[in-house]
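Colleague: pasted the sequence and its predicted model underneath.
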Amino acid sequence: MRSTRRGVLGAGLGLPLMAPGLARAQGGWPGERPIQIIVPFPPGGGTDVNIRAMTSHFERHLPGARFVVVNRPGAGAEIGYTAAATAAPDGYTIGTVITPSLQTITIERQPRYTLGGFYYLGTVVADPSGFHVAPNSELRSVADLVAAAKARPGAISVGTAGIGSDDHLLIVELESAAGIRLNHIPFAGQAPTVNALLGGHIQVASMNMGESVAMIRDGRVRPLATAGQQRFPMTPEVPTFAEGGYALTTGVVRSLVVPAATPEPIRTRLAAMLEATMRDPAWIAEAERLFIPLRYMGPEETRALVMREAERLRQVWQQRPWRDS
């Protein structure tokens, strides 16, 4: 049972001085106030659902802690990333960061965060991108999409969660590979992208497969192809872009971070909490029910992935700046 501040103070009235170690244990991190987890997208999207579902498991693996999810959408996730990077390094703010948008923003412009300004607690998800259409769409395959785009350059509108996202990079790569031009429409997240697709405002939604599984099974959207190296296990009927003649592989990697200046003991406990959660059968079962494609990587492996992808994306930018697409 968690003691309230009033209870702790009241218990101390009969003592001349509380021992320092006991005071720290009762009043210090992580139980002094809720730990906020910043999600850089609006409520209802795949990242938001993923992180909200994890919080109860985090609390079991970090006794005394309470977690609250705070949505900070905007500027292609830059607002949320900046909020996480500039937060007080006291263990009470965790950020959710997404590869590749975390890196692409730093390539496009000079934000108030740097890739080295975070301590990477670990990775939670790897989710391939995919193209989706409304159920009544005349487009039945990537070949149909390419043919339509060649017949009407720039007339096919494709919505994404933002400029420089994995969903947007898939558009850029298909345009280059197929010699076509599509009309990119960036939104503030997956939920408004889907609304635009179902409302007939765009013809294609580029979004992650894990985010679309439930909608595919309910018949709300129809997938054209996935950009995974293999078919997505939760939708084995959906072909890859490679099967359609375009060897494109891209997707999103979700990781958790804290400011790099966070004290090492706190970083270590948060990283251990994340690892314990990711190996917990209860969370694995819940993630399966929610169609969340889990992938765990520890702090060092996650940081290495972030830096490696940053270098690869710089090379892509030099060949074709994606803000021009």
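Modeller: Sure thing, it's come through.
Colleague: now do the helices in the stretch 101-250 of the chain.
Modeller: 101-108, 142-151, 166-178, 190-198, 209-218 (DSSP state H, counting those that start in this stretch).
Colleague: so which of the ones you listed is nearest G95?
Modeller: helix 101-108 (9.6 Å; C-beta to C-beta). Backbone N, C-alpha and C define where each C-beta goes, glycine included.
Colleague: with just CA atoms, put that closest one into PDB.
Modeller: Extracted C-alpha coordinates of helix 101-108, given in PDB (Å, rounded to 0.1, in the frame of the first residue of the first chain):
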ATOM      1  CA  SER A 101      11.500  10.600 -37.700                       C
ATOM      2  CA  LEU A 102      13.900  11.200 -34.700                       C
ATOM      3  CA  GLN A 103      16.800  11.200 -37.200                       C
ATOM      4  CA  THR A 104      15.100  12.900 -40.200                       C
ATOM      5  CA  ILE A 105      14.200  16.000 -38.200                       C
ATOM      6  CA  THR A 106      17.800  16.500 -37.300                       C
ATOM      7  CA  ILE A 107      18.800  16.100 -40.900                       C
ATOM      8  CA  GLU A 108      16.200  18.500 -42.200                       C
END
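Colleague: now for V172, how many residues are close by?
Modeller: Neighbourhood size, V172 [other C-beta atoms under 10 Å]: 21.
Colleague: with W29 instead?
Modeller: 18.
Colleague: sorry, back to before: any chance of a markdown table for the helices of the stretch 101-250 of the chain, columns distance to M307 and mean pLDDT?
Modeller: Below are the helices of the stretch 101-250 of the chain laid out as a markdown table (distance: least, C-beta to C-beta, whole Å; pLDDT from 0 to 100):
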| stretch | distance to M307 | mean pLDDT |
| --- | --- | --- |
| helix 101-108 | 9 | 94 |
| helix 142-151 | 32 | 97 |
| helix 166-178 | 17 | 94 |
| helix 190-198 | 26 | 91 |
| helix 209-218 | 25 | 93 |
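Colleague: next, format the ones you listed as CSV and append distance to G245.
Modeller: Formatted as CSV, the helices of the stretch 101-250 of the chain follow (distance: least, C-beta to C-beta, whole Å):
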stretch, distance to G245
helix 101-108, 26
helix 142-151, 7
helix 166-178, 9
helix 190-198, 24
helix 209-218, 20
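Colleague: which one of those helices lies closest to S56?
Modeller: helix 209-218 (19.8 Å).
Colleague: give me the angle between the closest one and helix 190-198.
Modeller: Taking axes from the mean of the first three to the mean of the last three C-alpha atoms, to 10 degrees, one finds helix 209-218 and helix 190-198 inclined to each other by 40 degrees.
Colleague: from here on, count from 37
Modeller: Okay, residue one is now 37; in that scheme the one you just asked about reads as helix 245-254.
Colleague: who touches helix 245-254?
Modeller: 81-82, 161, 163-166, 168, 226, 230, 257-259, 262, 264, 268, 270-271, 274, 327-329 (C-beta atoms under 8 Å, 6 or more residues apart in numbering).
Colleague: before we move on, the earlier item: and the helices of the stretch 137-286 of the chain: which comes nearest Y128?
Modeller: Closest of those to Y128 is helix 137-144, at 21.4 Å (criterion: C-beta to C-beta).
Colleague: who touches that closest one?
Modeller: 112-114, 117, 147, 149-151, 198-202, 205, 342, 345-346, 349-350, 353, 357-359.
Colleague: please pick the buried ones from these.
Modeller: Among the contacts of helix 137-144, those that count as buried by neighbour count (16 or more other C-beta atoms under 10 Å) are 112-114, 117, 149, 151, 198-202, 205, 342, 345-346, 349, 353, 358.
Colleague: now E211: how far from G80?
Modeller: To G80, E211 is 29 Å away according to C-beta to C-beta, to the nearest Å.
Colleague: got it, and E209?
Modeller: 27 Å.
Colleague: of the two, which one has the most company?
Modeller: E209 (22 against 15).
Colleague: report how many residues lie close to the nearest residue to L260 once chain neighbours are set aside.
Modeller: Distances taken as C-beta to C-beta, 6 or more residues apart in numbering put F167 closest to L260, at 4.3 Å, once the chain neighbours are dropped. For F167, the neighbour count with other C-beta under 10 Å is 26.
Colleague: F167 touches Q239, doesn't it?
Modeller: No - F167 is beyond contact range of Q239, at 10.1 Å (criterion: C-beta atoms under 8 Å).
Colleague: what sits in contact with each of the two?
Modeller: Joint contacts of F167 and Q239 (C-beta under 8 Å, 6+ apart) are V194.
Colleague: helix or strand for G131, which one?
Modeller: strand 129-135 (DSSP states H and E).
Colleague: and the angle for that strand with helix 202-214?
Modeller: 10 degrees.
Colleague: using PDB, write out every CA atom in the longest helix seen in the chain.
Modeller: Longest helix of the chain, by residue count under DSSP state H: helix 335-355. Provided in PDB are the C-alpha atoms of helix 335-355 (Å, rounded to 0.1, in the frame of the first residue of the first chain):
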ATOM      1  CA  PRO A 335      20.300   0.500 -24.300                       C
ATOM      2  CA  GLU A 336      23.500   0.000 -26.200                       C
ATOM      3  CA  GLU A 337      21.900  -1.800 -29.100                       C
ATOM      4  CA  THR A 338      19.200   0.800 -29.400                       C
ATOM      5  CA  ARG A 339      21.700   3.700 -29.400                       C
ATOM      6  CA  ALA A 340      23.800   2.000 -32.000                       C
ATOM      7  CA  LEU A 341      20.700   1.500 -34.200                       C
ATOM      8  CA  VAL A 342      19.700   5.200 -33.900                       C
ATOM      9  CA  MET A 343      23.200   6.400 -34.900                       C
ATOM     10  CA  ARG A 344      23.500   3.900 -37.700                       C
ATOM     11  CA  GLU A 345      20.100   4.900 -39.200                       C
ATOM     12  CA  ALA A 346      21.000   8.500 -38.900                       C
ATOM     13  CA  GLU A 347      24.100   8.000 -41.100                       C
ATOM     14  CA  ARG A 348      22.100   6.000 -43.700                       C
ATOM     15  CA  LEU A 349      19.300   8.700 -43.800                       C
ATOM     16  CA  ARG A 350      21.900  11.400 -44.300                       C
ATOM     17  CA  GLN A 351      23.000   9.600 -47.500                       C
ATOM     18  CA  VAL A 352      19.400   9.300 -48.600                       C
ATOM     19  CA  TRP A 353      18.900  13.100 -48.000                       C
ATOM     20  CA  GLN A 354      22.000  13.900 -50.100                       C
ATOM     21  CA  GLN A 355      20.600  11.900 -53.000                       C
END
